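>>> What follows is a protein structure lacking sequence information:
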């Protein structure tokens, strides 16, 4: 297998892990904003407990993607940095504000008005960042970013401030909210609290389905190359769509029947399949239609050195993350599962 394909496979794997872990953290911010009812304080306490020990570690997967793009595909990194520098800055500011606000809220006096303001900033940043992240993904697939002789010739706003990229952003937000609700229902320590997030998960799952259909419809005009060739025109298309739909139905059915462990696994599978479908439909492009895995790749020696560094780093990374999750992500009480 060509080296650039190996690096591309590692990048999509890291993106899937980022969505499954950090994406759920973003979704937790959505439910923190929408916490309500007699267990409002308990809902927010559960979100804080679920996110607190691990949210910083989850960003390692996005950092890995950025490093691999920079080292393995420098021309694509340069094009993305130029064409999408506005949403990139907005996303990074949102991530920084979200993390800072979450920390300040945790250490501020309980019930203090300043804590409420930090909580609101945390929630708003958690809502805005996934929308911008999804809009960038939509822009990469849309074909609106043009690169001629290594120079970005498209504008800085029209590429991502368009119906298709913004719909992808809303779809990402709803998917992250669905993941978070499903995870939180599994982690809840009382049946009543689990039911709070069960209801939110069912509602978010319906929104995910509606936005998935809307995004597909918008792709016919907003991302014609990906839509025509990838979403409907390749042999793997319909089996992958059916597998994604089966995962979504299983997750919703398991939530309905309060089988939260199964719902959690099915929601994670649904998310992974959606991301696999996106990358497979866009293959072999990094930026449609000008930069592919091949023509954007660094020289072979550089890519081999990146793979060696990746292998060496994984020896430390995976055991460290295993210990982190082992220590802080204990299973909830059986009554809540």
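Yep, that arrived. These numbers come from a predicted model, not from an experiment.
>>> Contact partners for the closest residue to residue 122 other than its chain neighbours?
In space, and not counting its chain neighbours, residue 122 is closest to residue 101: 3.9 Å by Cβ to Cβ, 6 or more residues apart in numbering. Every residue, glycine included, has its C-beta placed from N, CA and C. Listed by Cβ atoms under 8 Å, 6 or more residues apart in numbering, the contact set of residue 101 reads 118-119, 121-122, 125.
>>> which SS state does residue 101 fall under?
Secondary structure, DSSP: H, G, I helix; E, B strand; the rest coil: residue 101 is helix.
>>> Quick check: it vs residue 177, distance?
18 Å (Cβ to Cβ, to the nearest Å).
>>> cool, and residue 298?
According to Cβ to Cβ, residue 298 stands 37 Å off from residue 177.
>>> the more surrounded of these two?
residue 177 (29 against 21; other Cβ atoms under 10 Å).
>>> Next up, the contacts around that one.
Applying Cβ under 8 Å, 6+ apart to residue 177 gives the contacts 27, 30-31, 200, 204, 207.
>>> do that again at 7 Å, thanks
Contact analysis of residue 177 by Cβ atoms under 7 Å, 6 or more residues apart in numbering lists 27, 30-31, 204.
>>> For residue 316, see how far away it is.
33 Å.
>>> again with residue 179
To residue 316, residue 179 is 27 Å away according to Cβ to Cβ.
>>> cool, and residue 272?
Counting by Cβ to Cβ, the gap from residue 272 to residue 316 is 25 Å.
>>> Which residue of those two possesses the greater neighbour count?
residue 272 (19 against 9).
>>> So which residues of the stretch 201-337 of the chain form strands?
Ranges of strands within the stretch 201-337 of the chain are 285-287, 291-292, based on DSSP state E, counting those that start in this stretch.
>>> One more: the stretch 51-200 of the chain?
Under DSSP E, counting those that start in this stretch, the stretch 51-200 of the chain gives strands at 147-148, 151-152.
>>> so can I have a markdown table of those strands showing mean neighbour count and distance to residue 106?
Formatted as a markdown table, the strands of the stretch 51-200 of the chain follow (neighbours: other Cβ atoms under 10 Å; distance: least, Cβ to Cβ, whole Å):
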| stretch | mean neighbour count | distance to residue 106 |
| --- | --- | --- |
| strand 147-148 | 16 | 43 |
| strand 151-152 | 16 | 41 |
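>>> can you put those strands in a markdown table and add distance to residue 2?
A markdown table is the format used below for the strands of the stretch 51-200 of the chain (distance: least, Cβ to Cβ, whole Å):
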| stretch | distance to residue 2 |
| --- | --- |
| strand 147-148 | 21 |
| strand 151-152 | 26 |
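>>> can you tell which of the ones you listed is closest to residue 281?
Residue 281 lies closest, by Cβ to Cβ, to one member of the strands of the stretch 51-200 of the chain: strand 147-148, at 20.0 Å.
>>> Now tell me what touches that closest one from outside.
Residues outside strand 147-148 that contact it (Cβ under 7 Å, 6+ apart) are 79, 287, 290-291.
>>> hmm, back to that, look up how far residue 247 lies from the residue nearest to residue 122.
According to Cβ to Cβ, residue 101 stands 33 Å off from residue 247.
>>> cool, residue 312 as well?
Counting by Cβ to Cβ, the separation of residue 312 from residue 247 is 34 Å.
>>> go on, residue 280?
Distance from residue 280 to residue 247, by Cβ to Cβ: 16 Å.
>>> And the two? Which one has more around it.
A count of neighbours by other Cβ under 10 Å puts residue 247 above the other of residue 280 and residue 247, at 20 against 15.
>>> residues near the residue nearest to the more buried one when sequence neighbours are not counted, how many?
Distance criterion Cβ to Cβ, 6+ apart; nearest residue to residue 247, sequence neighbours excluded, is residue 270 at 3.8 Å. By other Cβ under 10 Å, the residues close to residue 270 number 26.
>>> same deal with the one 5 residues further on?
Neighbouring residues of residue 275 were enumerated by other Cβ under 10 Å; the total is 21.
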